[in-house]
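Structure for the following, please:
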Amino acid sequence: MIPLHVFLGTLFLCQTGIGVLGNSILLSFFIFTHHKLRVTNQIISQLTLANFLSVLSRGIPMTISAFGVTDFLDDTWCKIDFYLERVGRGCSLWSTCLLSGFQAVVISPNTSPWNELKARAPKYIIPSCLFCWVFNLFSEAGVIVGIRGPQRRNTSFGRASDLIFCTWKDPARNFILLTTFRDVFCVGLMICISSYKLILLRKHYQQVQHLYRTSCYPRASPEIRVTGSVLLLVFVFVSFYLINCIFAMYHNFSLYSSRWLVNGSAFCVLCFPTISPFLLISRDGQIARACCAPIDKHKHEPPA
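You can find the predicted model right below:
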């Protein structure tokens, strides 16, 4: 029978490795592509960078600690690690919300109130992404105060939560309110926007239903395909976010610190940044062709 620490270490190692691989492929495409990025891909590039940051800052320490290594981070590195993880998680949340909102504006009908914003929306993407990073860099500053290294677990500095390789002191109330409001606002907005897009897609399907009956190979427009991808991405994010909230609430209100809660919460946090790059690659024809181009070129090369 495999020991529990070996199973957990292997699980986090595979999850981290897959997440780093997928996000590295996407980042390489955005960095080395010779074509101008579509507006949607500009947002996805920010989302990929945030996911890459989250996978590294959470996945590597969880893997090391799961294999039984203890006290490998001091106060300074605990603060840096959790700060980067929280910033990456916050930017991932905002980028997903921004991507969902932009796609809703793009597919909105010309008679909708968003018609005037449709032409100007691409100009606001870069400033919105910059604001996302700046806001999260400042809003997560409370982590620097609340995180301590493992060597201080036995000292008394108020009620604290054991995070396996670091210790989390209860942060200031203003910090909790700000981050909670951000999360609830973005998740609620994504749910409302997704409902709106589902209504639009249903109306679109009813309007073109006769084409599906007469055509043997009906193809949806690029906007509709991208909208479906974004809806799936939002569904995955919200699902794992709600599951992680259940773990976090149970951990915060429990009278004792449980490692399986911390491990379960970390696994859920890592699921979205691990899955999302492969989901985007598989549903984006431009990215998929760029990733498969070297393979196809190698297949068609004449033998020496």
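
Name the spans of the stretch 201-304 of the chain whose pLDDT lies under the cut-off.
When residues are selected by pLDDT under 70, those of the stretch 201-304 of the chain lie in 204-223, 251-257, 284-304.

That one: helices as residue ranges?
Per DSSP state H, counting those that start in this stretch, the stretch 201-304 of the chain carries helices over the ranges 209-214, 222-253, 259-283, 285-300.

Which strands or helices does the helix or strand where residue 179 lies pack on?
Applying DSSP states H and E as the criterion places residue 179 in helix 173-207. If you count contacts as 3 or more C-beta pairs under 8 Å, 6 or more residues apart in numbering; DSSP states H and E, helix 173-207 packs onto helix 75-107, helix 125-139, helix 142-146, helix 222-253. Quick note: C-beta positions are derived from backbone N, CA and C, even for glycine.

Can you say which of these is packed in most?
Of all the helices and strands packed on helix 173-207, helix 75-107 carries the top mean neighbour count, a mean of 21, counting by mean count of other C-beta atoms under 10 Å.

Just name whatever secondary elements that helix is in contact with.
helix 39-54, helix 115-120, helix 125-139, helix 142-146, strand 147-148, helix 173-207, helix 222-253, helix 259-283.

Just put those in JSON lines and tack on distance to residue 77.
Listed next are the helices and strands packed on helix 75-107 as JSON lines, based on distance: least, C-beta to C-beta, whole Å:
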{"stretch": "helix 39-54", "distance to residue 77": "15"}
{"stretch": "helix 115-120", "distance to residue 77": "44"}
{"stretch": "helix 125-139", "distance to residue 77": "18"}
{"stretch": "helix 142-146", "distance to residue 77": "12"}
{"stretch": "strand 147-148", "distance to residue 77": "10"}
{"stretch": "helix 173-207", "distance to residue 77": "21"}
{"stretch": "helix 222-253", "distance to residue 77": "23"}
{"stretch": "helix 259-283", "distance to residue 77": "17"}
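
of all those, which lies closest to residue 31?
helix 39-54 (8.6 Å; C-beta to C-beta).

How about residues contacting the next helix or strand after the closest one?
Counting by DSSP H and E, the next helix or strand C-terminal to helix 39-54 is helix 60-66. The contact list for helix 60-66 (C-beta atoms under 8 Å, 6 or more residues apart in numbering) reads 5, 8-9, 11-13, 16, 72-73, 81, 164-165, 263, 266, 270.

Kindly write the PyMOL command that selects the buried subset of those.
Burial among the contacts of helix 60-66 is assessed by 16 or more other C-beta atoms under 10 Å; the matching PyMOL selection reads:
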select buried, resi 8+9+11+12+13+16+73+81+164+165+263+266+270
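
quick check, nearest of the contacts of helix 60-66 to residue 119?
Nearest member of these to residue 119, counting by C-beta to C-beta, is residue 270, at 38.6 Å.

Report whether the expected contact of that closest one with residue 57 is present.
No: the pair residue 270 and residue 57 fails to qualify as a contact (C-beta atoms under 8 Å) at a distance of 10.4 Å.

how far does the helix holding residue 179 sit from the chain's center?
15 Å (C-alpha atoms, centre = their mean, to the nearest Å).

now that helix against helix 75-107, angle please.
30 degrees (axes from the mean of the first three to the mean of the last three C-alpha atoms, to 10 degrees).

Just the buried residues of helix 173-207, please?
175, 178-179, 182, 186-187, 190, 193-194, 196-197, 200-201, 204.

and residue 21, which of the helices and strands packed on helix 75-107 is closest to it?
Using C-beta to C-beta, the helices and strands packed on helix 75-107 put helix 259-283 closest to residue 21, at 8.3 Å.
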